[in-house]
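Novice: this is a predicted model, with the sequence first.
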Amino acid sequence: MLIFSSALAAIIPMTAYLIIIWRFDRYDREPFKLVLQNYLWGSIGAIIFAILGGLVFSSFLSIFVTNKEELGYLGTVVTAPIVEEVTKGVFLLITVTNKRFDNMTDGIVYGGAIGLGFGMTENFLYFISYGTTISGWISIVIIRTMFSAVMHCVSTATFGAFLGYSKFKRNTLRFSLPFVGLIIAILIHFSWNFMVSFKSTALLGFLFLAITIIIFIAIFSASVLGEKKIIFNELLAEVDLNVIPLSHLTILSSTSRNAKGWIDERIRKQYIKAATTLAFRKVQLKESKGNSRKYYEYEVENYRQFIKNLFISINEKIAYKKSV
């Protein structure tokens, strides 16, 4: 019964958080399959490597620290933030190479997914290990669901945000910013673990994480609004090229694009996806060079032609219906 209840208490909230984060990316939503892969890495792969890495790190520390209590404390405050953030974040280095990984918002979504997956498995292990009484179990479930697991989400999402922001930057920024993001992720993790390790500072820990979550939500919101501006600004030029009708410009850069009636329903979803991708490919083209630039030049022209063909095909269908 404890295992079943703990599994539900671990899986349901984290899955709900995952769906909320995924759906919050309103303008260029990532493939859920890819988001789920990152979630599963956090819940399985990152956990396994974090345990192994923790054992190696602790063995090394035991050479210098013989007191078991001190070693345990260092493991919680020092080892865990470093090892866990590295093992969670390493999968993002693979995900960032995917063509769908476009910007900071995407990094937040993928990083958040990994953190939530890690938090889910870690929560389950805590629930079955320390929930010895009903009241104690409920207390652990509430605290870890609302704070500890969310900390994993925020910290890894922070690293993801820096990866996304730096992906199309040039020179040293492309390589230095991810490192800065990883350091900040480790510091968030370290600060939480350090403060909740003492009763006297536990309240500060909850306050620190609450403020961190608020900042995270604000940055996430600003990033999503930034996507809206990109879509409007980049598609504005496509109006002059007769690719996008002027009447569609405001619609395509707002949530009203998901409503029916403003364009033939047979092409609406394809059109939205193609127009949005075109806008982001144009931004990426500006930041690219060499073979990468050639790729994005091809992509921009390809999506322009795809959109034109969509309108041609639908007009031909309308004309055919009228003729018969």
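Specialist: In hand now; what should we look at?

Novice: can you point me to the longest helix in the chain?
Specialist: Assignment by DSSP state H gives helix 202-240 as the longest helix of the chain.

Novice: next SSE downstream of it?
Specialist: helix 246-252 (DSSP states H and E).

Novice: would you mind pulling up the elements that that following helix packs against?
Specialist: Helix 246-252 sits against helix 202-240, helix 268-287, with contacts defined as 3 or more Cβ pairs under 8 Å, 6 or more residues apart in numbering; DSSP states H and E. Where you see a C-beta, it was placed from the backbone N, CA and C, and this is true even at glycine.

Novice: to T156, which of those helices lies closest?
Specialist: Of all the helices and strands packed on helix 246-252, it is helix 202-240 that lies closest to T156, at 11.2 Å by Cβ to Cβ.

Novice: which secondary structure elements does that closest one contact?
Specialist: Using 3+ Cβ pairs under 8 Å, 6+ apart, helix 202-240 is in contact with helix 104-130, helix 149-166, helix 173-195, helix 246-252, helix 268-287.

Novice: report the buried residues of the fourth one.
Specialist: Translated: helix 246-252. 248-249, 251-252 (16 or more other Cβ atoms under 10 Å).

Novice: for the residues you listed, which one is nearest E84?
Specialist: Ranked by distance to E84 (Cβ to Cβ), those are led by L252 at 40.3 Å.

Novice: list the contacts for the closest one?
Specialist: Neighbouring residues of L252 by Cβ atoms under 8 Å, 6 or more residues apart in numbering: 231-232, 235, 244, 272, 275-276.

Novice: run the last query once more with 6 Å
Specialist: For L252, the contacting residues are A275, by Cβ atoms under 6 Å, 6 or more residues apart in numbering.

Novice: point out where the stretch 151-300 of the chain drops to low pLDDT.
Specialist: Within the stretch 151-300 of the chain, no range satisfies pLDDT under 70.

Novice: again, only using 80
Specialist: Applying pLDDT under 80 to the stretch 151-300 of the chain picks out residues 170-171, 290.

Novice: got a list of contacts for stretch 74-81?
Specialist: Here stretch 74-81 makes contact (Cβ under 6 Å, 6+ apart) with 54, 57-58, 61, 186, 189-190, 193-194.

Novice: what is the nearest of those to E287?
Specialist: Once Cβ to Cβ is applied, the member of the contacts of stretch 74-81 that ends up nearest E287 is I186, at 27.7 Å.

Novice: contacts only, for the closest one.
Specialist: Shown in contact with I186 (Cβ under 6 Å, 6+ apart): 81-82, 85.

Novice: the residue nearest the centre of the chain and Y295: what is the separation?
Specialist: What sits nearest the mean C-alpha location of the chain, by Cα atoms, centre = their mean, is V109, with 1.7 Å. To Y295, V109 is 23 Å away according to Cβ to Cβ, to the nearest Å.

Novice: pLDDT below threshold where in the stretch 1-150 of the chain?
Specialist: Residues of the stretch 1-150 of the chain that meet the cut-off, pLDDT under 80, sit at 1, 131.

Novice: helices along that one, start to end?
Specialist: For the stretch 1-150 of the chain, applying DSSP state H, counting those that start in this stretch gives helices covering 2-24, 32-40, 46-61, 68-74, 80-89, 92-95, 104-130, 134-143, 149-166.

Novice: may I see the buried residues of the second one?
Specialist: Applying a neighbour-count criterion of 16+ other Cβ under 10 Å, the buried positions in helix 32-40 are 34-35, 37-39.

Novice: pull the distance from the longest helix of the chain to the chain's centre.
Specialist: 12 Å (Cα atoms, centre = their mean, to the nearest Å).

Novice: begin at 37 from here
Specialist: In the new numbering, first residue 37, that becomes helix 238-276.

Novice: flag every buried residue along it.
Specialist: So, applying 16+ other Cβ under 10 Å, buried residues of helix 238-276: 241-242, 244-245, 248-249, 252, 255-256, 259-260, 263-264, 266-267, 270-271, 274.
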